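Asks: pasting the sequence and the predicted model now:
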Amino acid sequence: IGSMEGLDVVSPTWFQVINERGDILNRADSVYVDWAHGRGYKVWALLANDFGDPSMTHKVLNNTDARDNIIRQMLTYASLYNLDGINIDFENINIEDRDALTQFVREITPFFREQGLVVSIDVGVPDGSDNYSRCYDIEALGEIVDYVMLMAYDQHWSTSPVAGSVAQLSWVERKLKRTLEMIEPQKLILGIPFYIRLWEERTDESGRIKVSNPKALTMEEAQRLIQENNADVKWDEESGQFYAEYKSNGALYKIWLEDENSINLKSSLVH
């Protein structure tokens, strides 16, 4: 990775809970830590659950031995790899496990802090689905950790019934304001997307439009698709993004672009 002006923390996706006993899959790399520290970057390694298995997450969060097992392993890894912080990224959690997640964070945070680690947690935007939004007690979590990272993206995503932006500017602003009702502003970090979803619309035999999301694109891939297909591009004020569409093989493709313009507008919301 080349020089990135303004970057001060990296959060590699290194640790994942893999079973109901709380055993951790370790992908950490000490060479990476040395590289990051040599660039002046802090390393807040990410600790995740298995996003695809909320029942396993339920068992872990409600089992004292499993939680203790996670704590012991993470303290060892944090010391072994000379980490600066831990970012907790638990997602797709059953709504009934909301308080259990808070309790887990309440238990693990003091141990991390004793080792001088910065503790952060990723949360979904307020007022969304049970498993990706309402499962987080943002107010309580904000009182425990050093930073809360708001995942202000996937407004429209792979299972969405309609095509749309990954993170519309007006939507991000609404979710930020709602979150600030629950947490101190100095503890809040705004998560913004650096990817784009390509939407495909096809009309079936009955005349109904079927929407699908065949892939997620990098910024460079999206620009290349637009050029290759001579797509019509125009500015969309509400999304704070350029919007592009083109037709190919009987389908209509739609793209809401993330680029320097959209990132500038979203990041400016911090002020």
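Replies: Arrived safely. Numbering: from 1, shown residues only.
Asks: how distant is the helix or strand harbouring Ser262 from the center of its chain?
Replies: Using DSSP states H and E, Ser262 maps to helix 260-268. Mean C-alpha position of helix 260-268 versus that of the full chain (Cα atoms, centre = their mean, to the nearest Å) differs by 17 Å.
Asks: the strands in the stretch 101-250 of the chain, which residues?
Replies: For the stretch 101-250 of the chain, applying DSSP state E, counting those that start in this stretch gives strands covering 118-124, 147-151, 188-191, 195-203, 209-218, 232-236, 241-248.
Asks: pull out the buried residues from the third one.
Replies: Going back to what we said before, that points to strand 188-191. Within strand 188-191, the residues that count as buried by 16 or more other Cβ atoms under 10 Å are 188, 190. Every residue, glycine included, has its C-beta placed from N, CA and C.
Asks: from the contact counts, what lies against it?
Replies: strand 147-151, helix 169-179 (3 or more Cβ pairs under 8 Å, 6 or more residues apart in numbering; DSSP states H and E).
Asks: let me know which of those is tucked in deepest.
Replies: Counting by mean count of other Cβ atoms under 10 Å, strand 147-151 has the highest mean neighbour count of the helices and strands packed on strand 188-191, with a mean of 21.
Asks: who does that strand pair up with?
Replies: strand 118-124 (parallel), strand 188-191 (parallel) (DSSP bridges).
Asks: now find how far off-centre the last one is within its chain.
Replies: Distance of strand 188-191 from the chain centroid (Cα atoms, centre = their mean) equals 10 Å.
Asks: give me the contact list for that strand.
Replies: For strand 188-191, the surrounding residues in contact (Cβ atoms under 8 Å, 6 or more residues apart in numbering) are 120, 122, 142, 147-153, 172, 176, 179-180, 266-267, 269-270.
Asks: what sits up against stretch 3-22?
Replies: 23-29, 32, 36, 39-50, 56-57, 59-60, 63, 65-70, 73-74, 77, 84-85, 87, 89.
Asks: quick revisit: next, format the strands of the stretch 101-250 of the chain as CSV and append mean pLDDT and distance to Glu5.
Replies: Output for these, formatted as CSV (pLDDT from 0 to 100; distance: least, Cβ to Cβ, whole Å):
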stretch, mean pLDDT, distance to Glu5
strand 118-124, 98, 22
strand 147-151, 98, 21
strand 188-191, 97, 18
strand 195-203, 93, 21
strand 209-218, 88, 20
strand 232-236, 95, 26
strand 241-248, 96, 23
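Asks: okay, those in a markdown table with distance to Asp130 next?
Replies: Output for the strands of the stretch 101-250 of the chain, formatted as a markdown table (distance: least, Cβ to Cβ, whole Å):
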| stretch | distance to Asp130 |
| --- | --- |
| strand 118-124 | 10 |
| strand 147-151 | 15 |
| strand 188-191 | 20 |
| strand 195-203 | 23 |
| strand 209-218 | 22 |
| strand 232-236 | 30 |
| strand 241-248 | 28 |
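Asks: nearest to Ser133, out of the ones you listed?
Replies: With Cβ to Cβ as the criterion, Ser133 lies closest to strand 118-124 of the strands of the stretch 101-250 of the chain, at 4.0 Å.
Asks: now the angle between strand 195-203 and the lowest-mean-pLDDT helix or strand in the chain, please.
Replies: Ranking every helix and strand in the chain by mean pLDDT, DSSP states H and E puts strand 209-218 at the bottom, with a mean of 88. Here strand 209-218 points in a direction 160 degrees away from that of strand 195-203 (axes from the mean of the first three to the mean of the last three Cα atoms, to 10 degrees).
Asks: hmm, who's touching strand 209-218?
Replies: Identification of contacts with strand 209-218 by Cβ under 8 Å, 6+ apart yields 157-158, 160-163, 194-204, 225, 255.
Asks: flag every buried residue along that strand.
Replies: Of the residues in strand 209-218, 211, 217 count as buried by neighbour count, 16+ other Cβ under 10 Å.
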